[in-house]
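K.L.:
return atomic coordinates for the entry below.
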Amino acid sequence: MTVYLVGAGPGDPGLLTVRGAEVLGGADVVVHDRLSVASLLELAPPAAERIGVGKTPRGPSTPQEEINRLLVVKGRAGLEVVRLKGGDPFVFARGAEEAAALAAAGVAFEVVPGVTSAVAVPAYAGVPVTARGLATSFTVVTGHGDGLGATPTDWEAVARVGGTIVVLMGVATRSEIARRLLSGGLAPTTPVVSVRWGARPEQRTVRTTLGALAGADLESPAVIVIGEVAALDLAWYERLPLFGRAVVVTRPRHQAEALTRRLRRLGAATIPLPTIEVGDPADGGVALRAAAGSVSSYDWVVFTSANAVERFVPLLRDARAFGAARVAAIGPGTAEALAEANVVADLVPERFVAEALLEVFPPPPSCPGRGRVLLPRAAVARDVLPEGLRAAGWQVDVVEAYRTSAARPSPEALADLAAADAIAFTSSSTVTSFVEVAGARAVPPVVVCIGPVTAATARQLGISVDAEADVHTLDGLVDALVTALAT
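P.N.:
Numbers count the residues shown, from 1 in each chain. So this is what the prediction gives:
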C-alpha cells in the first residue's frame, strides 16, 4: 500500500490532475488540508475515512509533526492513503517534510504534482507571469520564509534579478516586503496585483502599486504578483456569467455532478444539498425483475427518467432482450441514459413532459394479444401517462422501479442556504423534499425550475418561481439561471 502526496491545485476542482483523481478514487483514507476544495473529497469512495488537518493562520491548526505521524500510522496499517494538499505538494506546502517522514519510516509513497497557485492564480486573474517585452522570467518567493528555518530572503537581491516576482503567503509581511523591494531598486509605481482565493468563485482581485502595497486592503490567502505584467488585465474568470454566484444543487448526490460541472464552468459556487435519496422498490425489485424477464412480450417500454433506466436495463442480459419491443423516453437525459446502455430510443417527444408523449404516441395495434406497454417508474409519480395510454386503448403495466425519499442534510449544509443566491429544482420530488427538510421560507432569493411540472409543484407549496427552463434539460436550466441572475 502507498501514501500519495497529491497536489489538489489552487481551487478550481477542474485543475486536479488525472493521476490525482485516479488515486483519490481508490483511497481508503484522505488526509486533507484547509485549502482543498470540498467537492474533491467526493471523488474518494464513500467509505473512505476523511481527516481534516488544515492549518489556519493565527487559528486552530494541526502541528506538522502530528500530520507526519498520522501519515506514517495510516501507511503502516496497509491502507491506500491520499494526502490532499492545496497547490503542489513540493511548492511551499511542506510535502518534502512529509515525504521525508514516510521515507524514514519505511512507508512507500508517491508524489503526484499539482498545479501551483504561483502560476494558476495569476492566470485566473488575467495576469501572465511572463509576457513578451515585459518579463522573461519569474521568481516565486514565500512571504514568511524566515519561519521555515531557511536562509532569510534577500529581498533586495530579488528586486535586482528583474522579471516578475510572485509572493505566496505574503499578506501579513507585505509592508516589509515592499520596503525592501523598493530599497533594492524597484520603483514605487511598479504594478502589483493581489488575488485572494484564486481560481475559486470567491476570487477577489486588488490592483495597486508597490508604493501603496503596505496600505492596501488585502486578506489571506492571497498570491501577490509584482512587476510590469501586473499592469495587464486579461481577466476572463471574473467575467464569467455566474461568477461569484452561489447556487444550491438539490439533485441526489450521485446525479449532481452533471449540473455542478455546468455551473462551475460559468463561474458559480455550488452548494450541494441533495434533498432526495433514490432507493429500492418496496418489494425489493421482484416485480421489476419479472418485467425485465418478459420485456420482449411488450410492444413498447416507456422510460420517464434516467433513474428508471439505471434500475431496469442492468436486469437485462443485453439490449437484444428488448426483442421487438420499441422504446420511448421522456427527455434527453433519459434518452442519454439509454444510449449509454446501447439502447436507442425510438420515440422522444419534443417537449419533455408526459402530455407531449401522449400527443405523439402511436395507436395500439389491432392484432390480438398486442397493444401492451411496460412503464417502469418511481413509486410516486403522476398518473397522466398511464391513464392517457389506457384511454387510447393500450394495456399498461406500471412497475415500481425505485422509490424516492427525503434526504437528511446536515445542519451545516442547511446553514449554507443563507449564503445562496439561487436554487435549481430538477424535479417535483426535489421541491417537496426541500420543503420537508428546510421549509418553504428557506429558499434562496432566486428559484429556477427545470420545467412546468416542477414549477407547478413549487407554486403549490408556496414557493415563488422566478424562471422555468425553456428547454427542459440541464443546459436549459443553466441558461434560465444565467438569465434570472442577470436581472
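K.L.:
now do the same end-to-end measure for stretch 398-413.
P.N.:
Stretch 398-413 has an end-to-end distance of 36 Å (CA to CA, to the nearest Å).
K.L.:
how far away from the center of its chain is that stretch?
P.N.:
Its chain's average C-alpha position is 20 Å from that of stretch 398-413, according to CA atoms, centre = their mean, to the nearest Å.
K.L.:
shouldn't residue 198 be in contact with residue 126?
P.N.:
No. Between residue 198 and residue 126 there is no contact under CB atoms under 8 Å: 11.2 Å. (Glycine included, C-beta is placed from N, CA and C.)
K.L.:
and these two? Which one has more around it.
P.N.:
Using other CB atoms under 10 Å as the criterion, residue 198 and residue 126 rank with residue 198 on top: 24 against 17.
K.L.:
okay, stretch 160-180 in PDB with CA atoms only?
P.N.:
Extracted as PDB, the C-alpha positions of stretch 160-180 are listed here (Å, rounded to 0.1, in the frame of the first residue of the first chain):
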ATOM      1  CA  ARG A 160      17.700  43.200  -8.700                       C
ATOM      2  CA  VAL A 161      17.000  39.900 -10.500                       C
ATOM      3  CA  GLY A 162      14.300  41.500 -12.600                       C
ATOM      4  CA  GLY A 163      11.200  39.900 -14.200                       C
ATOM      5  CA  THR A 164       8.100  39.000 -12.300                       C
ATOM      6  CA  ILE A 165       8.000  38.400  -8.500                       C
ATOM      7  CA  VAL A 166       5.300  36.100  -7.300                       C
ATOM      8  CA  VAL A 167       4.900  36.100  -3.500                       C
ATOM      9  CA  LEU A 168       3.000  33.400  -1.700                       C
ATOM     10  CA  MET A 169       1.800  33.800   1.900                       C
ATOM     11  CA  GLY A 170       2.900  37.400   1.900                       C
ATOM     12  CA  VAL A 171      -0.100  39.400   3.000                       C
ATOM     13  CA  ALA A 172       1.000  39.700   6.700                       C
ATOM     14  CA  THR A 173       4.500  40.800   5.700                       C
ATOM     15  CA  ARG A 174       3.700  43.000   2.700                       C
ATOM     16  CA  SER A 175       4.800  46.200   4.300                       C
ATOM     17  CA  GLU A 176       8.300  44.800   5.000                       C
ATOM     18  CA  ILE A 177       8.400  43.100   1.500                       C
ATOM     19  CA  ALA A 178       7.500  46.400  -0.200                       C
ATOM     20  CA  ARG A 179      10.000  48.400   1.800                       C
ATOM     21  CA  ARG A 180      12.900  46.100   0.900                       C
END
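K.L.:
which parts of that stretch are buried?
P.N.:
By neighbour count on 16 or more other CB atoms under 10 Å, the buried set for stretch 160-180 is 163-171, 173-174, 177-178, 180.
K.L.:
what average pLDDT does it get?
P.N.:
Averaged across stretch 160-180, the pLDDT comes to 96.
K.L.:
and what of stretch 6-14?
P.N.:
Stretch 6-14 shows a mean pLDDT of 92.
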